[in-house]
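Student: can you look at this prediction? I've put the sequence above it.
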Amino acid sequence: MTAPPDLTGKTLLMPDMTPTGSRLLVAALRAFGVNAVVMPTMNGLSLGKELTSGKECFPCQVTLGDVLHYLAEEKKRLGASFSAANYVYFMPEAGGPCRFGMYNTLHRIVLDRFPEFRDTAIVTLSTDDGYDSSAIFPRRSAGPFRKLAFTAMILADVLDRIAWRTRPYESVPGSVDACIVAALCDMSREMEASGATLDFSPLDRLAGETAHKASRLMDRTLPRRPRVGIVGEIYLRSHPGSNQELIRTLEALGGEVVNASLTEWFNFVTHLNRREAAQSFQACLKDLNLPGLATAATSRLVSRLTMDWQVKRQHAVYEQVLPHLDIAPDHDVAHLEAFLDDERLYSFAIGTEAGISIAGALAYAADDFDGVVNVFPFTCMPSTICSAILKPMLLKKNVPYLDSPHDGSNQPNRDITLRTFMHQVARRAALRMMGGRREKACPRGRKA
Ligand code: SF4
């Protein structure tokens, strides 16, 4: 294993994948003494497109443009005192059949084409070892940082879920967004100040307080809107710039939206590592491979303890929020696997996001959502598989389904496509409610 880079005096550049998650992750890094910043996004898209061939995934182009634009702006700002060696670019990767494992390699090749940016190092975390943070931190800090980073992802999910549950019903336009921005600032400050102690109670408390404040911004006389669930590629569904503000557009057209969470992906990665460890244990047992058996048993135990801790941590945060507001519960990954019908539809063993997206969409349908959107980069391989499997299945269940592919270009028919989809969603909700399941905006079906 290579030693982690020395980050002393350097600025770690974080892509702005999600407005809440990226900022809380930066706060977690800062809690451990790393001077991390979120790079502005979408300003360098033309640069990202110009320096790629067009065959790359869209998030690869967006993030490449972000880092090039940021470094160019820093060079302009600092003039002769600019040194590329003072910056470290953060770009995680995934193993398996996806191109995500190659983003950082391609970004390295492009950065090397600019002599003035060659000395900017790239650090990465990988799904292969469950985002073991020892690529960034020495061993003694890597474990605690991973715990704080995971908590940052749960808090980001919860802030987003509070916004999606309350914003469509806000009495004063803009009040929920203002509430979430203030909460994000408070949480970031708290995380930076006390996160390294791993006492999460002040952060969990802030999540509960935010839910309480946001719930009071709702007009509880409004009827519950039809719910739309989003699945798809994690960057595209989380990055409003890339998906052309899909969530707000669906809200403006009358929906209440729930996006698949960031935590779901982390739990999925841990679940896969646990699955692999169990398979390797069985194989070693069959071959009577004793050294292999010991290693597999350790990985099995570690992944099991990691998963248990993650689920417990997630419950602890949701427990603070749910007494104030009925945000959508997160999908349980092991439970999601059951939707794949004993692997007849797809297998988690294939990897990629396709498994959780297919299962997640079917879970939305089972939970009476009135529509599902699959959002992804144009030509994304796992999402295309999802589309092929989900379209006929959801049609059979009478659940409106929409593919939303993106490559940064403006689609002339997007508006009419979304309106048509939301019309189908509203029709389905009306028919479902005629079946007697009327709900009110008020969490417990009563007026305030
Ligand atoms: S998930 Fe899709 S967008 Fe992401 S690397 Fe794989 S193919 Fe590309």
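Tutor: That came in fine, so what should we check first? Given the structure is predicted, the values throughout are model-derived calculations rather than measurements. Numbering: from 1, shown residues only.
Student: from the ligand, how far out is Thr249?
Tutor: 21 Å (CB to the nearest ligand atom, to the nearest Å). (C-beta placed from N, C-alpha, C; glycine too.)
Student: quick one, phi psi at that residue?
Tutor: Dihedral angles phi and psi of Thr249 (degrees, to the nearest 10) take the values phi -70, psi -40.
Student: which element is the residue lying closest to it once chain neighbours are set aside on?
Tutor: Excluding its sequence neighbours, the residue lying closest to Thr249 (CB to CB, 6 or more residues apart in numbering) is Leu418, at 5.9 Å. Remark: Leu418 resides in helix 414-434, with elements defined by DSSP states H and E.
Student: other SSEs contacting that helix?
Tutor: Applying 3 or more CB pairs under 8 Å, 6 or more residues apart in numbering; DSSP states H and E, one finds that helix 414-434 contacts helix 246-252, strand 371-377, strand 401-406.
Student: next, the buried residues of the first one.
Tutor: Right, the one you point to is helix 246-252. Leu246, Ile247, Thr249, Leu250, Glu251 (16 or more other CB atoms under 10 Å).
Student: re earlier: so what's the residue count around the residue nearest to Thr249?
Tutor: The tally of other residues near Leu418 (other CB atoms under 10 Å) stands at 20.
Student: enumerate every residue touching it.
Tutor: With contact taken as CB atoms under 8 Å, 6 or more residues apart in numbering, Leu418 is in contact with Thr249, Leu250, Leu253, Leu402.
Student: tell me the pLDDT of the third one.
Tutor: Looking back up the chat, that one is Leu253. On the pLDDT scale, Leu253 is placed at 98.
Student: what sits closest to it if chain neighbours are left out?
Tutor: Setting aside the residues directly before and after it, Leu253 is nearest to Met422 in space (CB to CB, 6+ apart), at 4.1 Å.
Student: I figured that neighbour hits Val257, correct?
Tutor: No. At 10.7 Å, Met422 and Val257 do not qualify as touching, with contact defined as CB atoms under 8 Å.
Student: give the residues shared as contacts by the two.
Tutor: Counting by CB under 8 Å, 6+ apart, the residues touching both Met422 and Val257 are Val228, Leu250.
Student: ok, the two, which is more surrounded?
Tutor: Using other CB under 10 Å, the more surrounded residue of Met422 and Val257 is Val257, with 25 against 22.
Student: what packs against the helix or strand hosting that one?
Tutor: In the assignment (DSSP H and E), Val257 maps to strand 256-259. In this structure, strand 256-259 makes packing contacts with helix 139-166, strand 227-232, helix 246-252, judged by 3+ CB pairs under 8 Å, 6+ apart.
Student: which bits of the stretch 151-300 of the chain sit near the ligand?
Tutor: Remark: the part of the stretch 151-300 of the chain in contact with the ligand comprises Glu233, using CB under 6 Å from any ligand atom.
Student: returning to what we had before: right, so the helices and strands packed on strand 256-259: which one is the most enclosed?
Tutor: Ranked by mean neighbour count under mean count of other CB atoms under 10 Å, the helices and strands packed on strand 256-259 are led by strand 227-232, which reaches a mean of 27.
Student: what about that strand, average pLDDT?
Tutor: Over the span of strand 227-232, the pLDDT mean works out to 98.
Student: now do stretch 362-376
Tutor: Across stretch 362-376, pLDDT averages out at 97.
Student: and it, what's buried?
Tutor: Going by neighbour count (16+ other CB under 10 Å), the buried part of stretch 362-376 is Leu362, Ala363, Tyr364, Ala365, Phe369, Asp370, Gly371, Val372, Val373, Asn374, Val375, Phe376.
Student: the one helix or strand the first one maps to vs the ligand: in contact?
Tutor: Using DSSP H and E, Leu362 maps to helix 354-366. No. For a cut-off given as CB under 6 Å from any ligand atom, helix 354-366 has no contacts with the ligand; the smallest distance is 8.6 Å.
Student: going along the chain, name the strands of the stretch 1-150 of the chain.
Tutor: Using DSSP state E, counting those that start in this stretch, the strands of the stretch 1-150 of the chain run over residues 11-14, 35-38, 87-90, 121-123.
Student: okay, those, which one's buried deepest?
Tutor: strand 87-90 (a mean of 22).
Student: what lines up beside that strand in the sheet?
Tutor: The sheet places strand 87-90 alongside strand 11-14 (parallel), strand 121-123 (parallel), with pairing taken from DSSP bridges.
Student: now that strand - C-alpha only, CSV.
Tutor: Coordinates of each C-alpha in strand 87-90 appear next as CSV, following Å, rounded to 0.1, in the frame of the first residue of the first chain:
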residue,chain,number,x,y,z
TYR,A,87,-3.6,21.6,-5.0
VAL,A,88,-4.8,18.0,-4.7
TYR,A,89,-7.7,17.0,-6.8
PHE,A,90,-10.1,14.4,-5.3
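Student: how distant is it from the center of its chain?
Tutor: The chain centre lies 20 Å from the centre of strand 87-90; the measure is CA atoms, centre = their mean, to the nearest Å.
Student: do the same with stretch 258-267
Tutor: Mean-position distance between stretch 258-267 and its chain equals 5 Å (CA atoms, centre = their mean).
Student: list the contacts of that stretch.
Tutor: Stretch 258-267 is touched from outside by 18, 21, 131, 150, 153-154, 156-157, 160-161, 164, 227-232, 234, 237-238, 247, 307, 310-311, 314, 328, 330-331, 333, 353, 356-357, 360, 364, 369, with contacts defined as CB under 8 Å, 6+ apart.
Student: next, the contact list for the closest residue to the ligand within the stretch 151-300 of the chain, please.
Tutor: Here the stretch 151-300 of the chain gets closest to the ligand at one residue, Glu233, 4.8 Å apart by CB to the nearest ligand atom. Listed by CB under 8 Å, 6+ apart, the contact set of Glu233 reads Pro59, Glu353, Val375, Phe376, Pro377, Cys380, Pro382, Ser383.
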